[in-house]
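Undergrad: Starting from these lines, generate the structure:
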Amino acid sequence: MLRPAANAKQAADFHKFASAHHQPGPMPNGTGALLTAAALSKAEARALVPAIMTHAVDPQSQLQPAGDETSLEAGPAPPGKQQVKQQRQRAKQHARQQPQPQAAALHVPHGVTLHPQRYMQALWLACQQAAAQCQPASTAELHIQHVESVAALQQQHGPFDAVVVAAGAAVGSINEVGEQLPLDLCQGYTLDLEPPAAREEGAFESTRGSSMLACPPAQLQNEHAQLTGSSLPAFPTTSPSILGTPYLASQGGECLVVGATQDHNWSTQRALAECGRSVDLASDAAAAAAVEQLFTGAAALWPPVGDWAVRRVRSGVRALPPRSAAGAVPMVGRWPGKHG
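TA: Modelled structure (predicted):
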């Protein structure tokens, strides 16, 4: 994964993070080499992702001392603890005025981009293989059905030693869970983009849960013509996906998934109704606005994409866990009062 810095503060933060996570191998907390990161210069970032845009930032222009600290120099220095406190404040002020080491981008070499459908297929295959390696009578069975209650599931297909409930956007529809989990259901649109060589002549085509376009809207093509240098036949297969707002997730180089818009605080029932909804750009103003927003952002971050085709527009709902000092950490654990 590659995350270009958006401003001076982020560039400095990237440098600090990379300095603390530059050693490969297992980390003290057991997270392994996934946290290994490297601070890259603009040239190094473009060597990984040709034509990527990085923002040159003048540290002095953005890392300015706070206005109320300028008065610390005025008047006689008070004695005792107050004087020590002001000396520390002056030291912090001086440090902020100094040029900070910065990174044009942060590279996480062990970051990966997943194709959800292929990932689920591989996960099911792994389940089958794990069952085959157990005792001869062990099998793995896949049942796809609507589940409203864990108790009903146990009665119908159990008994099970354990039931794992994924904390996704529909988890609130499980009777035993309801609205007890502190999740923010966030709806968003994403785009599937294909390079010019993959374009096909044709009209708008609707598919279940998505919409397809033959090419980008004309106004977007004109808007990004000046940003787009020579067209690339595909996103380089050796290049990492790009994190940011928006993100560009490479699927084999011949498709880029760009996302995502954010509409927070959806209800469980509204999220369920959105599942599988066909997106009609002619009547869905929010989806049409999302196409322009995401395509504009993607072309500004990686200009060659301005020549690519918007092949599909998707809508989905994510279940976001609460933010903490450690970030938005996924929720996992045993459900209170339940066994198994």
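Undergrad: Okay, helices next: where are they in the stretch 51-200 of the chain?
TA: In the stretch 51-200 of the chain, the segments counted as helices under DSSP state H, counting those that start in this stretch are 59-62, 81-97, 116-132, 150-157.
Undergrad: Kindly state which of the ones you listed is positioned closest to L256.
TA: helix 116-132 (15.3 Å; CB to CB). Quick note: C-beta positions are derived from backbone N, CA and C, even for glycine.
Undergrad: Please work out how many residues are found near the residue nearest to A328 when sequence neighbours are not counted.
TA: Among residues not flanking A328 along the chain, P321 sits closest, at 5.2 Å (CB to CB, 6 or more residues apart in numbering). Counted by other CB atoms under 10 Å, the residues lying close to P321 total 16.
Undergrad: How about the contacts made by P321?
TA: Neighbouring residues of P321 by CB atoms under 8 Å, 6 or more residues apart in numbering: 167, 182-184, 328-331.
Undergrad: Among the residues you listed, which one lies nearest to A12?
TA: Relative to A12, the closest of the contacts of P321 is A328; by CB to CB it sits at 22.4 Å.
Undergrad: Quick one: residues contacting the closest one.
TA: A328 touches 320-322, counting by CB under 8 Å, 6+ apart.
Undergrad: hey, what's it bridged with?
TA: For A328, the beta-bridge partners are R323 (DSSP bridges).
Undergrad: any idea how far it lies from V164?
TA: 21 Å (CB to CB, to the nearest Å).
Undergrad: cool, S250 as well?
TA: Distance of S250 to V164, computed by CB to CB: 30 Å.
Undergrad: Name the residue in those two with the higher neighbour count.
TA: Using other CB under 10 Å as the criterion, S250 and V164 rank with S250 on top: 19 against 7.
Undergrad: Need the pLDDT of the more buried one.
TA: Note on S250: pLDDT of 91.
Undergrad: how much space between it and S241?
TA: When S250 is compared with S241 (using CB to CB), they lie 5 Å apart.
Undergrad: Which neighbours do the two have in common?
TA: Here S250 and S241 have T113 as joint contacts, going by CB under 8 Å, 6+ apart.
Undergrad: List the buried residues in stretch 126-134.
TA: Residues of stretch 126-134 classed as buried: none (neighbour count, 16 or more other CB atoms under 10 Å).
Undergrad: what residues does that stretch touch?
TA: Under the criterion CB under 8 Å, 6+ apart, residues 138-140 lie in contact with stretch 126-134.
Undergrad: that older thread, mind putting the contacts of A328 in TSV, distance to Y119 and pLDDT included?
TA: Shown next, in TSV, are the contacts of A328 (distance: CB to CB, whole Å; pLDDT from 0 to 100):
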residue	distance to Y119	pLDDT
L320	20	94
P321	20	92
P322	25	90
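Undergrad: want to throw these into CSV with distance to Q102?
TA: As requested, these are exported to CSV (distance: CB to CB, whole Å):
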residue, distance to Q102
L320, 30
P321, 31
P322, 31
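Undergrad: rewinding a little: looking at the helices of the stretch 51-200 of the chain, spot the one closest to F235.
TA: helix 116-132 (17.7 Å).
Undergrad: What average pLDDT does the closest one get?
TA: For helix 116-132, mean pLDDT rounds to 92.
Undergrad: cool, stretch 255-263 as well?
TA: Average pLDDT, stretch 255-263: 93.
Undergrad: quick one: G297 and I242 touch, right?
TA: No: with contact defined as CB atoms under 8 Å, G297 does not reach I242; the gap is 10.8 Å.
Undergrad: more crowded one of those two?
TA: Remark: of G297 and I242, I242 carries more neighbours, 27 against 19, as counted by other CB under 10 Å.
Undergrad: Who are the contact partners of the nearest residue to the more buried one once chain neighbours are set aside?
TA: Residue nearest to I242 in three dimensions, not counting chain neighbours: L248, with 4.2 Å by CB to CB, 6+ apart. By CB under 8 Å, 6+ apart, L248 lies in contact with 235, 241-242, 256-258, 298, 301-302, 305.
Undergrad: Which is the succeeding secondary structure element to the helix or strand hosting L248?
TA: Secondary structure assignment for L248, by DSSP states H and E: strand 247-250. Downstream of strand 247-250, the next assigned helix or strand under DSSP H and E is strand 256-259.
Undergrad: got the contact list for that following strand?
TA: Under CB under 8 Å, 6+ apart, the answer for strand 256-259 is 188-193, 235, 246-251, 294-295, 297-298, 305, 308.
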